[in-house]
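Participant: need a 3D model of the sequence below.
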Amino acid sequence: MQQTASTFLEKSEQKAADLGHRRTINFNIGKYNTAVKSGKLQFTELQTARERAKNIKWRAIEHLDKYLEEFEMQFTKRGGKVIWAENTQQVQEEILAICQAKQCKSIVKSKSMATEEVHLNDFLAKQGIECVETDLGEYIQQLDGEPPYHIVTPAMHKSKEDVAQLFTEKLGTAPGLTPEQLTLVARENLRQKYLQAEIGITGANFIIADTGSVAVSENEGNARLSTAFPKTHIVLVGIEKVLPSVNDLALFWPLLATYGTGQQVTVYNSIFSGPRQEGETDGPEEMYVILMDNGRTSLLQDTEAREALYCIRCGSCLNACPVYKNIGGHAYGTTYSGPIGAVITPYLQSMESYGHLSYASSLCGNCTEVCPVRINLHELLLHNRHKAVEENYTSGGEKMAWFGWKQASLSRRMMNMTNGKMKNFFMKRFFAKAWGDDRELPVFAPKSFNQMWKERKKH
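Facilitator: Numbers count the residues shown, from 1 in each chain. Below you'll find the predicted structure:
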């Protein structure tokens, strides 16, 4: 078994048995579900809105080359610079080159899953460059030395008591502070960072082809501060985030807000179309957009799986998934967790190392049901399973076991060759370890229904 798969199973067992952890995330997800129900009321025809959004993303992804080139042309017209990066190493090298050219020692960064994907904070720290997270949830996670737990709410697994204790340990605050007091402490610590930083880094929720713009949604204003004070603004964004027109934001901003946090609209929605122009009073002197592939074109190449690129990173499929709600985000060991992470990570990393994630699903279809752009996630999980078998990433023993199971299941004569006692022995002998200590194995009756029916007919 791959090391990543065995680690995943080990972490999953630990988290599933941790009742305190499960209680915290289910409490937070419960609050999310209540908010989303209220947020959906803003749509008179929600299903039509979702279908329209899926069609727009379909057009964007099917003509991705055209829209990316249009974005580059429009963005560079206003003095912006576009960099194309194929993989993690290229992203790191390009950002480091900009930092060295600016003699940068301090960076402020707003919440960005793309930067987590390339492990940017750790890389810059090794180069002697401080990169500070300014989103409160990300700031908490950075203090604790942990990656984000969730796509939207990075510290979802922590209670307010956990955060208060963390601040006491790391920042020397008085124990037992309220959430409001903790927020004020973070604000005070981050305020000077904004003034000191030479470079601000953000991700992008969307990039707009026809205007050459970058759209960023947030609830704290940290992204605006990260782009207003530093002289240089770097945007790192996956190539799939493109939308054809700025008019599409009228649909995608409310959808993202509703399915991401249950709001009608996110508190701060910003559109950046390049560096500071003549006559403008604030903004960066230089602005770079790094368009990152990092495995996305391999997903694009798979015509069945490419609809996973429609994802707007709202996190709703994580909150709906019974597996995620029991094992949490860190068990996955990937940047993107939950159903969408299980679908895309084998393409972004490798099917050999991460194909096991597609088996971590009940296939209940709840992820598909809640997706705002109607990605058929449960079908894509099955597609990945099929792909893993076709590409020989499953063990020979597993293949033999399923072959034997199939032959027996298709043959009534073979099924009736042994009684219930022998079948139960077989299940305990070969499936007990895989089934787990916390679940009971199915118990076979002494006789099958087929046998009892034949006996009844005789009498």
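Participant: just the helices in the stretch 51-200 of the chain please.
Facilitator: Ranges of helices in the stretch 51-200 of the chain, per DSSP state H, counting those that start in this stretch, are 64-77, 88-101, 113-117, 120-126, 136-144, 160-171, 179-196.
Participant: do the same with the stretch 201-350 of the chain
Facilitator: Counting by DSSP H, counting those that start in this stretch, the helices of the stretch 201-350 of the chain are 222-228, 249-261, 296-301, 316-320, 322-327, 338-348.
Participant: out of those helices, which is closest to Ala209?
Facilitator: Checking the helices of the stretch 201-350 of the chain against Ala209 by CB to CB gives helix 249-261 as the closest, at 12.1 Å. Heads up, the C-betas are built off the backbone N, CA and C, glycines and all.
Participant: any idea how far the closest one is from the chain center?
Facilitator: 17 Å (CA atoms, centre = their mean, to the nearest Å).
Participant: re earlier: nearest to Glu10, out of the helices of the stretch 201-350 of the chain?
Facilitator: Between Glu10 and the helices of the stretch 201-350 of the chain, the shortest separation by CB to CB is 10.9 Å, and it involves helix 322-327.
Participant: alpha carbons of that closest one, as CSV, please.
Facilitator: Taking Å, rounded to 0.1, in the frame of the first residue of the first chain, the C-alpha atoms of helix 322-327 are listed here in CSV:
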residue,chain,number,x,y,z
PRO,A,322,-20.4,12.4,5.8
VAL,A,323,-16.8,11.2,5.4
TYR,A,324,-15.3,14.7,5.8
LYS,A,325,-17.6,15.4,8.8
ASN,A,326,-16.1,12.4,10.6
ILE,A,327,-12.4,12.5,9.7
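Participant: can you get me the start-to-end distance on stretch 382-401?
Facilitator: 19 Å (CA to CA, to the nearest Å).
Participant: contacts only, for Thr34.
Facilitator: Gly262 (CB atoms under 8 Å, 6 or more residues apart in numbering).
Participant: for the helices of the stretch 51-200 of the chain, which one sits closest to Trp405?
Facilitator: Across the helices of the stretch 51-200 of the chain, closest to Trp405 is helix 113-117 (CB to CB), at 38.2 Å.
Participant: can you lay out the helices of the stretch 51-200 of the chain as JSON lines showing mean neighbour count, distance to Lys241 and mean pLDDT?
Facilitator: Below are the helices of the stretch 51-200 of the chain laid out as JSON lines (neighbours: other CB atoms under 10 Å; distance: least, CB to CB, whole Å; pLDDT from 0 to 100):
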{"stretch": "helix 64-77", "mean neighbour count": "17", "distance to Lys241": "10", "mean pLDDT": "98"}
{"stretch": "helix 88-101", "mean neighbour count": "17", "distance to Lys241": "15", "mean pLDDT": "98"}
{"stretch": "helix 113-117", "mean neighbour count": "21", "distance to Lys241": "9", "mean pLDDT": "97"}
{"stretch": "helix 120-126", "mean neighbour count": "17", "distance to Lys241": "17", "mean pLDDT": "97"}
{"stretch": "helix 136-144", "mean neighbour count": "20", "distance to Lys241": "19", "mean pLDDT": "96"}
{"stretch": "helix 160-171", "mean neighbour count": "16", "distance to Lys241": "30", "mean pLDDT": "95"}
{"stretch": "helix 179-196", "mean neighbour count": "14", "distance to Lys241": "25", "mean pLDDT": "94"}
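Participant: which of those helices sits closest to Met414?
Facilitator: helix 113-117 (48.7 Å).
Participant: contacts for the closest one, please.
Facilitator: 88, 109, 121, 147-148, 151, 201, 203, 236-238, 292, 294, 313, 335-336, 348.
Participant: can you rerun that using 10 Å?
Facilitator: 88, 91, 95, 109, 120-121, 123-124, 131, 133, 138, 141, 147-148, 151-152, 154, 201-204, 234-238, 241, 290, 292, 294-295, 313, 315, 334-336, 348-349 (CB atoms under 10 Å, 6 or more residues apart in numbering).
Participant: can you list the weak-confidence ranges in the stretch 201-350 of the chain?
Facilitator: Along the stretch 201-350 of the chain, the model assigns pLDDT under 70 to no residue.
Participant: how about the strands in this structure?
Facilitator: For the chain, the strands defined by DSSP state E cover 81-85, 106-109, 130-133, 199-202, 206-208, 213-218, 232-238, 242-243, 268-272, 286-292.
Participant: give me the number of residues near the closest residue to Glu240 other than its chain neighbours?
Facilitator: Distances taken as CB to CB, 6 or more residues apart in numbering place Leu309 nearest to Glu240, at 4.1 Å, with adjacent residues excluded. Leu309 is flanked by 23 other residues according to other CB atoms under 10 Å.
Participant: residue contacts, Leu309?
Facilitator: Counting by CB under 10 Å, 6+ apart, Leu309 has contacts 57-58, 60-61, 64, 238-242, 296-297, 299-300, 344, 347, 375.
Participant: go with 7 Å
Facilitator: By CB atoms under 7 Å, 6 or more residues apart in numbering, the contact list for Leu309 reads 61, 240, 296, 299-300.
Participant: by neighbour count, which of those wins?
Facilitator: Glu240 (24 neighbours).
Participant: pretty sure that residue is in contact with Asn294, am I right?
Facilitator: No: in this structure, Glu240 is not within contact of Asn294 by CB atoms under 7 Å, at 10.6 Å.
Participant: what's the longest helix in this structure?
Facilitator: Criterion DSSP state H: the longest helix present in the chain is helix 19-39.
Participant: hmm, back to that, let's have the contacts of Leu309 in JSON lines, adding distance to Lys77.
Facilitator: Shown next, in JSON lines, are the contacts of Leu309 (distance: CB to CB, whole Å):
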{"residue": "Ile61", "distance to Lys77": "25"}
{"residue": "Glu240", "distance to Lys77": "23"}
{"residue": "Arg296", "distance to Lys77": "26"}
{"residue": "Leu299", "distance to Lys77": "30"}
{"residue": "Leu300", "distance to Lys77": "27"}
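Participant: and Glu280, which of the helices of the stretch 201-350 of the chain is closest to it?
Facilitator: Closest among the helices of the stretch 201-350 of the chain, once you apply CB to CB, is helix 222-228, at 10.8 Å.
Participant: to Ile29, which of the strands of the chain lies closest?
Facilitator: Per CB to CB, nearest to Ile29 of the strands of the chain: strand 213-218, 20.7 Å.
Participant: quick one: strands adjacent to the closest one?
Facilitator: Paired strands of strand 213-218, with direction, are strand 206-208 (antiparallel), strand 268-272 (antiparallel) (DSSP bridges).
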